Structures are given as C-alpha cells and as structure tokens.
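*Asks:* Take a look and give me a structure for this.
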Amino acid sequence: MPHATTADGCLIACQVQGEGQPLVLLAGQSNNHTWWDPVRADFETSYRTITLDWRGTGDSDKPDEVYSTKGFADDVIAVLDDLGLPTAHVYGTSMGGRVAQWVAINYPERVNALVLGCTSPGAAHGFERSQEIRRLLADPTRAVRVLLDLMYTPGWLKANPGRHPVLGDPDMPPYARNRHLVASNRHDSWAELPSIKAPTLILHGTDDVFSPAANAPLLADRIPGARAELIQGARHAYFHEFHTVASRLVLDFLAQSD
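*Replies:* Here you go, the predicted model:
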C-alpha cells in the first residue's frame, strides 16, 4: 500500500483503483478508506478513485497531536502531490465533507469539481445534532445501535445485518478518536465558503438528524453557484443505502466538469 509523506513527516496511506480522471473520496470522522468500500465500484468504471486513511486511522501514522479539518485538507494535497496529480474531483461525506471544503478553499487550483455530502459549515453557523442524540452516543452500551439507526433506515438494517464500514475504525487508538472528534467539532469554514470557485454539488438525506438536512440549503446558499439535492427518506449514510440514486447524481454532475 503506497504512502504519501506530509510536510510534517506524517505517512498517509492511500489507495488507488479504477481508470480515468482522478476522483478523491473522503471518509467520515474516525473512519478509514473502507468507508467507501460498498459504493466505490459505482465510480471506478468512469474514474480513477483515490482514498486515504486519515492520520490516526488505518495504515496511516497516528501521532498524538492536535488534528484539524484544515490539516486533513493539507494531507489530501500531500496524497495528490505524491501521486503526481495536479487536479482532481473531490467528494467528501460527513467530516470528509468538512475537509473537502478546506481543500476547495485553500487549494482552488487543485479541485475540478466538488461534492459535499451529509456535511455542514461547522457548529458556529450550521445546524447540529440534538443534545439527546449526543447523550445517547455517549452511552457505550447503546452507541453502536444508535449510530446504526442514525446511518440507515430500519428496513434496510433488517435486510442487511452484519458489519457496516461506517461505524469507525475499530483499531483506532482512543487518543486519535478523541483528536478526530475535536477536529470535526472545531470546524468552521463559514467565512471562507463564498471563495469556493469549483462547481459544487451538495447531497443530503432528508431524514438525516446526525448532521441535519437543513445544512444542505445553507451550504448551497453560501457557496457561489452550488446546487443542493435532497434524497428522500435517506439518513446519514445516504451514499450507501441510497447509492443507486446518490452515485448517479454524482456521476452526472462530474461528467459536466470532465
């Protein structure tokens, strides 16, 4: 597995599959590249897909230091540099969508098109999950069940039992998990969002209360020329459960920028 080296010497594991124009897929908080495993094939017939393990996860280094969504964006660019790619499409979901915002803001010349999924501009100006949800997630005896219910509809979970790759990297050190949580919680891109120049598509499930769906029109209003698409009945993992709808929306959008 190849690794890119960041400016501060951290090794970031990356995975490349498929052929065509490069498409970077960015996972959620405390998750590694396997977040995309259920749907990666949707894109590989048209694009060279690139994933990475965030620092603190997977096969990347796990320094015990302050993490930030801006810093994660720098790591994404280090991966593109290592692969010799001057530009790419960028698709980020959840915390990956927060990171994708900074990639587009701080490296506008590197982003051909931007897709932001189930994400927000940060707590200062965005819509956050309720205190009740936070309380339930903080209970270790219920957290997995609660998180599954936030990700997927009951019917889909009944039909698809087993391990789901959106529940976090099970081998992640506790200190790194906390560093990820703080990084995501401190994200605030509001002031810089109007500077995004890349064509932007925003996707969100209508029934997402983990990152409330009201964030989608909020981002669309803030980013010049952005378009929001709400997927009816979908929860936070819309890109997985509703992939036949979501992936087609992404592919059609990206085709306009190729």
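*Asks:* For residue 232, give its distance to residue 204.
*Replies:* 11 Å (C-beta to C-beta, to the nearest Å). Using the backbone N, CA and C atoms, a C-beta is placed for each residue, glycine as well.
*Asks:* can you check residue 51 too?
*Replies:* The spacing between residue 51 and residue 204, counted by C-beta to C-beta, is 21 Å.
*Asks:* for residue 78, same thing?
*Replies:* Distance of residue 78 to residue 204, computed by C-beta to C-beta: 29 Å.
*Asks:* can you check residue 238 too?
*Replies:* Using C-beta to C-beta, residue 238 is found at 7 Å from residue 204.
*Asks:* Settle it for me: which of residue 232 and residue 204 has more neighbours?
*Replies:* residue 204 (30 against 10; other C-beta atoms under 10 Å).
*Asks:* Isn't the more buried one up against residue 210?
*Replies:* No - using C-beta atoms under 8 Å, residue 204 makes no contact with residue 210, being 10.8 Å away.
*Asks:* So what's the gap between the strand or helix carrying residue 75 and the chain middle?
*Replies:* Secondary structure assignment for residue 75, by DSSP states H and E: helix 69-82. Centroid displacement of helix 69-82 relative to its chain, using C-alpha atoms, centre = their mean, to the nearest Å, is 14 Å.
*Asks:* So residue 14, which state does it fall into?
*Replies:* Look at residue 14: counting by DSSP: H, G, I helix; E, B strand; the rest coil, its state is strand.
*Asks:* Run a quick neighbour tally on it.
*Replies:* Neighbourhood size, residue 14 [other C-beta under 10 Å]: 24.
*Asks:* do residue 4 as well
*Replies:* When neighbours are defined as other C-beta under 10 Å, residue 4 has 20 of them.
*Asks:* next one: residue 122
*Replies:* The local packing of residue 122 (other C-beta under 10 Å) involves 19 other residues.
*Asks:* Hmm, residue 99 and it touching each other?
*Replies:* No - with contact defined as C-beta under 8 Å, residue 122 does not count as touching residue 99 (11.9 Å).
*Asks:* do you know how far residue 235 is from residue 144?
*Replies:* To residue 144, residue 235 is 15 Å away according to C-beta to C-beta.
*Asks:* And the two? Which one has more around it.
*Replies:* Set residue 235 next to residue 144 and count neighbours by other C-beta under 10 Å: residue 235 wins out with 25 against 13.
*Asks:* Please report how far the more buried one lies from residue 164.
*Replies:* 12 Å.
*Asks:* what's the overlap in contacts for these two?
*Replies:* Taking C-beta atoms under 8 Å, 6 or more residues apart in numbering as the criterion, residue 235 and residue 164 both touch 151, 152.
*Asks:* Please identify which helix or strand holds residue 162.
*Replies:* Remark: residue 162 resides in no helix or strand, with elements defined by DSSP H and E.
*Asks:* count of neighbours near it?
*Replies:* Using other C-beta under 10 Å, residue 162 has 5 neighbouring residues.
*Asks:* what's the distance between it and residue 38?
*Replies:* Per C-beta to C-beta, residue 162 is found 11 Å from residue 38.
*Asks:* Could you spell out the sheet neighbours of the helix or strand harbouring residue 25, each with its direction?
*Replies:* Here residue 25, judged by DSSP H and E, is contained in strand 21-26. With DSSP bridges as the test, strand 21-26 is paired with strand 47-52 (parallel), strand 88-93 (parallel).
*Asks:* closest one to residue 130 among these?
*Replies:* strand 88-93 (20.7 Å; C-beta to C-beta).
*Asks:* mind checking how far residue 256 is from residue 227?
*Replies:* On the measure of C-beta to C-beta, residue 256 and residue 227 end up 11 Å apart.
*Asks:* More neighbours: these two, which one.
*Replies:* Neighbour tally, residue 256 and residue 227, criterion other C-beta under 10 Å: the higher count belongs to residue 227, 13 against 9.
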